[in-house]
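Undergrad: Just a sequence and a predicted model for now, questions to come.
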Amino acid sequence: MFDYFDRYYFLEKGFSMLKKCCSVVLACSAILLSGCAMFCQNEQQTVKAVYTSVPPKMNGVLDDPVWQKAPEYTLVFSEREFKNARPEVAEFFKNGITDQGTFRLLWDENYLYVGINCKDLDIVAEGVEDQQPHDKIGDAAGIMLKPVDDTYFWHIYVSPRNGKKVSFYKARGLVGLPSTHPKELPFKMLSSAHIKGTLNSSFDKDTGWTAIMAIPIKDLNSKGVKLEPGVRWKVLLYRINRSRYLPVSETGIYPKTPSSSQTAYEDFGNLELVR
């Protein structure tokens, strides 16, 4: 029979082995959870544009069945959107975006198509001409595009009034130069918009607005990096909503990023052209 010291020795060894086994299990669990989190995060950060052999109708209303081929992306607030906001503003937006916006993306050999659908109780668009700063004088929605392997990026958007603006940044260190915002559209982007409500009449309630942009791929390619399957591009979808019924303007983005900065392209999603 084992004496007291023998029993103590084996109990101690058994307890030590149990602790090691638990440590291994916990470590493996942490690795699996970390891998799952990375996978989910990467999956969330991908924005897919689906190939279409038939161009969508440029009617501004997204009723063409071809749009149903593309996944729908719902806008969210950035992680720090209301970090320094007044308490009543943060409380107002505690459940997320109030007037929701969604995007769908298609592409063919000629265009990248961006379909926009915005709920909006107060449709505002005080700009009329192309290349006006529509995102500062009313509602606007659009896209940021940047090739991973170069310094330049594009800022392309449309207003409910179908006012277009295209800005080309040679590099983040050159943001703010007048040449970034040419007076004329730098390429022949097609667009259309449709309003469900009244424009610039803030004493009623509107339903929303929709828009379609057709961005010429050959013009995107003209700066050096081709927009085609297998080539790495970053993308941010966004919408500026100004309204009488909001305490402050509402900035929705996809994918979710730390801030809503349109130049923090390291945090943008990965654009995938799907055939």
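TA: That came in fine, so what should we check first? Residues are numbered from 1 along each chain as shown.

Undergrad: From now on I want contacts and neighbour counts done on CA atoms only, so please keep to that.
TA: Will do.

Undergrad: Quick check: which ranges of the stretch 1-150 of the chain have low pLDDT?
TA: Within the stretch 1-150 of the chain, the stretches falling below the threshold (pLDDT under 70) are 1-44.

Undergrad: where exactly do the strands run in it?
TA: With DSSP state E, counting those that start in this stretch, the ranges of strands along the stretch 1-150 of the chain come out as 46-51, 73-74, 101-107, 111-119, 140-147.

Undergrad: Now do the contacts for Tyr252.
TA: Small correction: residue 252 is Gly, not Tyr. Leu75, Val76, Phe77, Ser78, Ile97, Gly101, Tyr238, Arg239, Ile240, Ser260 (CA atoms under 8 Å, 6 or more residues apart in numbering).

Undergrad: Closest one of those to Asp108?
TA: Tyr238 (22.3 Å; CA to CA).

Undergrad: Is the closest one part of a helix or strand, or is it coil?
TA: Classification of Tyr238 by DSSP: H, G, I helix; E, B strand; the rest coil places it in strand.

Undergrad: Next, work out how far apart it and Tyr265 are.
TA: The gap separating Tyr238 from Tyr265 is 13 Å, by CA to CA, to the nearest Å.

Undergrad: more crowded one of those two?
TA: Applying other CA atoms under 10 Å to Tyr238 and Tyr265 shows that Tyr238 carries more neighbours, namely 27 against 19.

Undergrad: Wait, that one touches Tyr254, no?
TA: Yes - distance between Tyr238 and Tyr254: 6.4 Å, which falls inside the contact criterion (CA atoms under 8 Å).

Undergrad: Give the residues shared as contacts by the two.
TA: Leu75.

Undergrad: Leu190 is nearest to which of the strands of the stretch 1-150 of the chain?
TA: When those are compared by CA to CA, strand 111-119 sits nearest Leu190, at 9.4 Å.

Undergrad: CA atoms of that closest one as CSV?
TA: The C-alpha atoms that make up strand 111-119 are tabulated as CSV, following Å, rounded to 0.1, in the frame of the first residue of the first chain:
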residue,chain,number,x,y,z
TYR,A,111,-18.3,50.6,-65.9
LEU,A,112,-18.4,50.1,-62.1
TYR,A,113,-22.1,50.6,-61.2
VAL,A,114,-23.0,52.0,-57.8
GLY,A,115,-26.7,51.7,-56.7
ILE,A,116,-27.8,53.9,-53.8
ASN,A,117,-31.0,53.7,-51.8
CYS,A,118,-31.5,56.2,-49.0
LYS,A,119,-34.4,56.7,-46.6
